[in-house]
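Novice: give me a 3D structure for the following:
(2 chains)
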Amino acid sequence: MSKSSLIASLNVQPEPEKNFGLSPDDFQQMLEDLKRNDTAFFERVFLKQFEETMRYLKRECGSAHDDAYDAVMDTMLELRYRFVEGKLKYGNLRFLFTQMVKQSYFRQQKQFSTVGEEAIPDLGITISKEERNEEIALLTKAWANLGEKCKSLLTWHFYGNMKLKEIAEQEDKTPISIRKQKERCLNKLKDFFSNHLNLKN
Amino acid sequence: MKRIDNILSTDASKLQDQLFKSIIKDKNDAEFRQKWIQVLYDKHGVSKKPASKIKSIFGIHMIRMIAAAVIGIGLFAIATIYLTNINKAEHLAEAYIYEQVYIHPGSVKGVEDATINRILAIKAFNNQDYKTAAQYFSAIDTPTQQDAYYNGLSFLLNKEYAEALTQFAVVQEQGDRYQQEINWYMALTLLLDGQNTAAVKALQKIKEGEWNYTEAQKLLKSI
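Specialist: Numbering: from 1, shown residues only, chains lettered A, B, ... in the order given. Predicted coordinates for the structure are as follows:
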């Protein structure tokens, strides 16, 4: 057997069973959907695994029911994030998912035993749960004042990790007009924050 | 509000984008969490509540059903439907309670008598330690209407329903500032306390256009 055919024979195509029944094309479609904040496909695949994964965590780590529920929920959110950030590839999602759930559970247990603030690694700052909730509440109020176009644009860009160029192509607009639109939308949010904080002071 | 303060104070667009990204992620994650709690319960029968607790409620229902069977097959069928719906309404009420993020905004502007008990109560409430929060709120010498309201919420979130109802009644007596909130939380508390007739009356008080009218209608249908 030649060296190349030996390599080819070892390069086994990952089975859909290892990927919750997803084919590589399904996987790609799910990623595209998630970038546009369409989670229907993602939910169909992963919410179906929720209870089974909870059972796995209870069996493997002896976790309580509610802790297992929280760990799997946190992992679903983390998984969505890693997908849109392009950090996960088609391979063995089932194994990866269970490993992430275990990590999430141990992280959660560690947090329970320590009091204090949670780090936001990308920003190099720490924040308390209380402060995080206050910020979410204020953003939710500010968000309600945005038009639908702003909401979609900011969600696709910041939550779906879509580049402005991709959004421009999708919306059939120029990247410059999308960039300007993004600035206008962010200014609306900043104005709201500013007014709110001035009133508070 | 570190991230929002930084958004307002920086001119660096890259940092500003990172800050917006972080906070928008938190908001959307919180929304998906709420949505998935509901979908998991509705479509997959999975909830945060341990199965043993669900089974124990079901056990009580079974005993009631057997008693109903003694009276007659017709009554048995009616009781089955009735009790199944109670269970559904209870779960829906729990889902409504636990899907929300509760934040005490701090003392009302202008109120200067920030007693130590109030400070500790607010701190415990915002740390989701509702048992401790209720203890401190109850220890405030001259509680305001806001104190009574958050005391009631603390009792509710700690599953002390009788005490929650007492506090909500106190809030009602002190004026209608929290009326819409009280109508909603009182109805949920009554439902979880098994007082379904009173819960129905409380839910019917929530009029169209008021807070959680749609959810109240859903609950009424499920009872």
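
Novice: ok, now which ones touch the spatially most central residue of chain A?
Specialist: Nearest to the mean C-alpha position of chain A, by Cα atoms, centre = their mean, lies A:Tyr81 at 2.1 Å. By Cβ atoms under 8 Å, 6 or more residues apart in numbering or on different chains, A:Tyr81 lies in contact with B:Lys25. Heads up, the C-betas are built off the backbone N, CA and C, glycines and all.

Novice: mind telling me what element it is part of?
Specialist: For A:Tyr81, the host element (DSSP states H and E) is helix A:65-84.

Novice: can you name the element that comes right after that helix?
Specialist: Remark: after helix A:65-84, the chain's next helix or strand is helix A:93-113, criterion DSSP H and E.

Novice: now B:Glu94: how far from chain A?
Specialist: Taking Cβ to the nearest Cβ, to the nearest Å as the measure, B:Glu94 falls 12 Å from chain A.

Novice: go ahead and confirm that residue touches B:Lys49.
Specialist: Yes. Contact criterion Cβ atoms under 8 Å: B:Glu94 and B:Lys49 qualify, at 6.8 Å.

Novice: how much does the helix holding A:Tyr81 deviate in direction from helix A:93-113?
Specialist: Between helix A:65-84 and helix A:93-113, the angle comes out at 120 degrees (axes from the mean of the first three to the mean of the last three Cα atoms, to 10 degrees).

Novice: what separates stretch B:181-189 from the chain centre, distance-wise?
Specialist: Centroid displacement of stretch B:181-189 relative to its chain, using Cα atoms, centre = their mean, to the nearest Å, is 8 Å.

Novice: export that stretch as PDB, just CAs?
Specialist: The C-alpha coordinates for stretch B:181-189 follow below in PDB (Å, rounded to 0.1, in the frame of the first residue of the first chain):
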ATOM      1  CA  GLU B 181     -46.800  43.600  40.300                       C
ATOM      2  CA  ILE B 182     -48.800  42.500  43.300                       C
ATOM      3  CA  ASN B 183     -51.700  41.200  41.100                       C
ATOM      4  CA  TRP B 184     -49.200  39.100  39.200                       C
ATOM      5  CA  TYR B 185     -47.100  37.700  42.000                       C
ATOM      6  CA  MET B 186     -50.000  37.200  44.300                       C
ATOM      7  CA  ALA B 187     -51.700  35.100  41.700                       C
ATOM      8  CA  LEU B 188     -48.500  33.000  41.200                       C
ATOM      9  CA  THR B 189     -48.100  32.600  44.900                       C
END
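
Novice: so A:Thr126: helix, strand or coil?
Specialist: At A:Thr126, secondary structure determined by DSSP: H, G, I helix; E, B strand; the rest coil is strand.

Novice: stretch A:129-147 close to chain B?
Specialist: Yes. Remark: stretch A:129-147 sits within contact range of chain B at A:129-140, A:143, by Cβ under 8 Å from any Cβ of the partner chain.

Novice: okay if I get those as TSV plus secondary structure, distance to B:His44 and neighbour count?
Specialist: Formatted as TSV, those follow (DSSP: H, G, I helix; E, B strand; the rest coil; distance: Cβ to Cβ, whole Å; neighbours: other Cβ atoms under 10 Å in any protein chain shown):
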residue	secondary structure	distance to B:His44	neighbour count
A:Lys129	helix	28	15
A:Glu130	helix	32	17
A:Glu131	helix	33	17
A:Arg132	helix	28	22
A:Asn133	helix	27	17
A:Glu134	helix	32	19
A:Glu135	helix	31	22
A:Ile136	helix	26	20
A:Ala137	helix	29	15
A:Leu138	helix	33	20
A:Leu139	helix	30	23
A:Thr140	helix	27	13
A:Trp143	helix	29	18
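
Novice: out of these, which one sits closest to B:Tyr161?
Specialist: Using Cβ to Cβ, A:Asn133 comes nearest to B:Tyr161 of these, at 24.5 Å.

Novice: show me where pLDDT drops low in the chain?
Specialist: Let's take chain A. By pLDDT under 70, the weakly predicted segments of chain A are A:1-16, A:111-117, A:200-201.

Novice: to clarify, I was referring to chain B.
Specialist: B:50-87, B:99-103, B:105-114.
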